[in-house]
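Peer 1: For reference, the sequence and a predicted model appear below.
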Amino acid sequence: MLRASRVQPQRGLAVLQRAFATHAPLVEKDCSSITPPYAELIQKLDRVRSILNRPLTLSEKILYSHLVDPEKSLAGGGKIRGEAYLQLRPERVAMQDASAQMALLQFMSAGLPQCAVPTSIHCDHLIQASEGADADLKRSIITNQEVFDFLESAARKYGIEFWGPGSGIIHQIVLENYAAPGMLMLGTDSHTPNAGGLGMLAIGVGGADAVDAMTGTPWELKAPQVVGIHLTGTLNGWSTTKDLILHLAGKLTVRGGTGRILEYFGPGVFNQSCTGLATIANMGAEVGATTSTFPYTPRMNAYLKATGRGPVAAAADEAASRGFLTPDDAAEYDEVIEINLAEIEPTINGPFTPDLATPISKFGSFVKDQGWKDEFSAGLIGSCTNSSYEDMTRVADLARQAQAAGITAKVTTICRCLLLALNMSRFLSCVPQGPSKSARLWNGTMLHQLWKVSAQLCLQTRADLVSVKFVIISITASLPLELTNRSQWKREDKKDEENAILTSFNRNFKSRNDGNRLTMNFLASPTIVTAMAFSGKLSFNPLTDFLKLPSGEAFKFSPPSGQDLPSTGFTAGETSYYPQPTPQPQPDVQVVIKEDSQRLELLKPFTSHFGEENPRGLELPALKVLMRVRGKCTTDHISAAGPWLKYKGHLTNISENLLITAVNDEGGDVNKAFDRDLNTSGTIPEVAKSFKARQQPWALVVDDNYGEGSAREHAALQPRFYGCALILARSFARIHETNLKKQGVLPLWFADKADYGRIGSGDVIETVGLAETIRGIPDASIKIRVTKLNGEVFEIPTKHTMSSDQLKWLEAGSALNHIRSQMA
């Protein structure tokens, strides 16, 4: 069990330095479970080539080489991308602590003795950033003790690698330890594609999808289209890979990548570091992409060797020599986007959406045109998107320039501090990424440069944050942590005040970082955030603008420089946090769940919609419309995080937050629904519970891109728990649509988006044609018959993406019900 006593107090810088690892070469890891079976994959790819008889993209090579049965999935060749459903065999699963709870509860109900593929759990999301690494970690272990005990005991029972709280952020640990070129991996977090920086396909999924892989059940994916992004030229001066993906997000929008893999190719790829490519892949999630990937490069080879995976690099070299890790010369893409990296300038995206992109040369005038104050109150750098050694060395270079010129950050004239939110490892005050980065940052003087720019290092045992120019504070996750109002850090100022912040994070939805819906969060590279902090103004352009020195002279930053790998190598960090590779399951271990727990609850199977009590046979029963949801509705809206994260393993309790920040299109109120049968109104969870209590199945009508954002399967579980059977949308985000299917909720798309406004709360809707669709009748289609409150009846056409297997999930009541029936 994990105990708070593991956290040792540290009382000063000298003690903190002794906690760092020495500069010994990184020990080579056991790579037996992380090296893809290249010979088998290439052999299977030969079968694929004989069926398709055409050049293949890199994405297709990786994806199709993991098919369970190529002849079945690719039967007849023809059009595959965007049409065929693929039955795949992923090689690995990674889960963060918040989402792992429900995934494990589902896996346990399958009754298997161990996981079918290597699996890991990473405790990072349940750590609250407030005072500093030691105090925050100690408090988190105490607060979340029963969850960590559950995860650790389940990991031991089923042979899962367990990374305890404080070990580092999931995406960086995966990149440093598990990712490998050509691999297919699933992760229960929407930013799982971060691992694509090593030339693999890493796909974010819900827990039920992860259970497919963990149980050895073929994982189904509709073959994505492939967008080729051709990179030429070289990034100049201030421009970084973060600016590239910010620019691309502006071109594609938050829906432009849905159902598509972003595959980068061309000479510009080979100029980028592995971690720089990971930044691009990480933020591909913000445009809805299934994942992102890149051809194998020498810098990937160098990164593998630097992180103790020389055998993987050698095997990848051999696979690359056989043409496996690059696209075929004549490969065709569904769309090609040409980008000359020399033309990319630093870009700032936001506020409130990651696809509102503005080049820095135009950002000042954009701020002025909007009538916003020319100031920002805080800057945050780091996160799972931008916390690499390369990022931090560039930031340190700016700090050295500023220190030499005698200037300090001006953000403190607006707010108390500039917050540098770096990803920490246990016992290390300032460590981006996972434990293998360790002391290199401090002992290489990188963060020491920030200290010298009037920086105050927030030591672990100190609760007070003094008013300084830079505060370096430890956190271990870039997604919402266990804070109030879905916040990123425990912010005490600017509550309910309109203000602006600059971050190098990946998401900027309202309330995302500090719980304040009025905070305008702008996304930029770490170097732009840092440089602008010395001005404190949103209009400041470090490429062209000068700062006034105390002497009265003018100072202008030079473009920052950095290095992607430390010249003397990474060090191991706190090695006690490394789990045993491929541990053997311990069947005698009892999974720890307290009887009276309010944090964890064993799952009861959902019942089928098509039981004897349904007189409509294989049509859904008559459904009441709970509400019509207006506008953007992310998984944060459907299942809020913040204080609710503690209920991730307790479906009854967490369902109390269903859609509490969603807007009802009938009146414009937040968290208000109408019960037309009782002529009353209440909160959305109240009305949903009322429907459930009287056994009234119901439906939702929703807007475009419903369910974008985090891969939060609770956003599908909670409606299903309260009796939702169907959601009718203008469009769905990919992961959420799949999560709904897994839980036995039918997702339908309006054939005509204008029909959205024709259905309201209290209307009765019925499926017409679902029975024929389930039976597999050719050309069957599903319509919705609507009976209005005034008695008017009409039908509207719909579309769907249900495969034959997914229809079996629906008929069984959930994918897990179907899996259990197949194992019986």
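Peer 2: Received it, and whenever you're ready, just let me know what you need.

Peer 1: which stretches of the stretch 451-600 of the chain form strands?
Peer 2: Using DSSP state E, counting those that start in this stretch, the strands of the stretch 451-600 of the chain run over residues 455-457, 470-475, 499-503, 519-523, 547-548, 554-555.

Peer 1: Look at the closest residue to residue 376 other than its chain neighbours and say how many residues are nearby.
Peer 2: Nearest residue to residue 376, sequence neighbours excluded (Cβ to Cβ, 6 or more residues apart in numbering): residue 500, at 4.2 Å. Every C-beta, even on glycine, is put in place using the N, C-alpha and C of the backbone. Counted with other Cβ atoms under 10 Å, residues neighbouring residue 500 total 22.

Peer 1: quick one: contacts for residue 587?
Peer 2: 113, 157 (Cβ atoms under 8 Å, 6 or more residues apart in numbering).

Peer 1: and the gap between it and residue 210?
Peer 2: 21 Å (Cβ to Cβ, to the nearest Å).

Peer 1: swap in residue 196?
Peer 2: For residue 196, the distance to residue 210 equals 18 Å [Cβ to Cβ].

Peer 1: Do I have it right that residue 618 meets residue 610?
Peer 2: Yes. Contact criterion Cβ atoms under 8 Å: residue 618 and residue 610 qualify, at 5.7 Å.

Peer 1: Would you enumerate the residues in contact with residue 144?
Peer 2: Residue 144 neighbours (Cβ under 8 Å, 6+ apart): 97, 126, 165, 482, 599, 646.

Peer 1: top of the residues you listed by neighbour count?
Peer 2: residue 97 (28 neighbours).

Peer 1: Just the strands from the stretch 601-750 of the chain, written as ranges.
Peer 2: Counting by DSSP E, counting those that start in this stretch, the strands of the stretch 601-750 of the chain are 623-630, 663-664, 673-675, 680-682, 698-702, 724-729, 746-750.

Peer 1: Tell me which of those sits most buried.
Peer 2: The highest mean neighbour count among the strands of the stretch 601-750 of the chain, using mean count of other Cβ atoms under 10 Å, belongs to strand 698-702: a mean of 26.

Peer 1: now what about it, what contacts it?
Peer 2: Against strand 698-702 from outside (Cβ under 8 Å, 6+ apart): 623-629, 633, 688, 691, 719, 722-730, 756, 759-760, 765.

Peer 1: Quick check: can you name the pairing partners of it and their directions?
Peer 2: Applying DSSP bridges, strand 698-702 is found paired with strand 623-630 (parallel), strand 724-729 (parallel).

Peer 1: Pipe those into CSV and attach distance to residue 521 and mean pLDDT per row.
Peer 2: Shown next, in CSV, are the strands paired with strand 698-702 (distance: least, Cβ to Cβ, whole Å; pLDDT from 0 to 100):
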stretch, distance to residue 521, mean pLDDT
strand 623-630, 22, 98
strand 724-729, 26, 98
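
Peer 1: Please name whichever of those strands is nearest to residue 495.
Peer 2: When the strands paired with strand 698-702 are compared by Cβ to Cβ, strand 623-630 sits nearest residue 495, at 26.4 Å.

Peer 1: Which residues does the closest one contact?
Peer 2: 659, 662-666, 668, 673-674, 676-677, 684, 687-688, 691, 696-703, 706, 724-726, 756-757, 759-766.

Peer 1: hmm, 7 Å instead?
Peer 2: 662-666, 673, 684, 687-688, 691, 696-703, 725-726, 759-765 (Cβ atoms under 7 Å, 6 or more residues apart in numbering).

Peer 1: Also stretch 595-606?
Peer 2: Everything outside stretch 595-606 that qualifies as a contact, by Cβ under 7 Å, 6+ apart, is 101, 105-106, 109, 146-147, 150, 593, 646-647, 649-653, 720, 743-744, 813-814, 817.

Peer 1: Buried ones among those?
Peer 2: Those of the contacts of stretch 595-606 that meet the buried threshold are 101, 105-106, 109, 146-147, 150, 593, 646-647, 649-651, 653, 720, 743-744, 813-814, 817, by 16 or more other Cβ atoms under 10 Å.

Peer 1: CA atoms only for stretch 749-764 - export them in CSV, please.
Peer 2: C-alpha atoms of stretch 749-764 as CSV (Å, rounded to 0.1, in the frame of the first residue of the first chain):
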residue,chain,number,x,y,z
TRP,A,749,-26.4,12.2,-36.6
PHE,A,750,-29.0,14.6,-38.1
ALA,A,751,-29.0,14.1,-41.8
ASP,A,752,-30.2,17.7,-42.0
LYS,A,753,-28.6,19.8,-39.2
ALA,A,754,-31.6,22.2,-39.4
ASP,A,755,-33.7,19.5,-37.8
TYR,A,756,-31.9,20.1,-34.5
GLY,A,757,-34.4,22.9,-33.6
ARG,A,758,-37.5,20.9,-34.4
ILE,A,759,-37.2,18.7,-31.3
GLY,A,760,-37.6,19.9,-27.7
SER,A,761,-37.9,18.7,-24.2
GLY,A,762,-40.8,16.5,-23.5
ASP,A,763,-41.2,15.4,-27.1
VAL,A,764,-41.4,11.6,-27.6
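
Peer 1: Cool, thanks, signing off.
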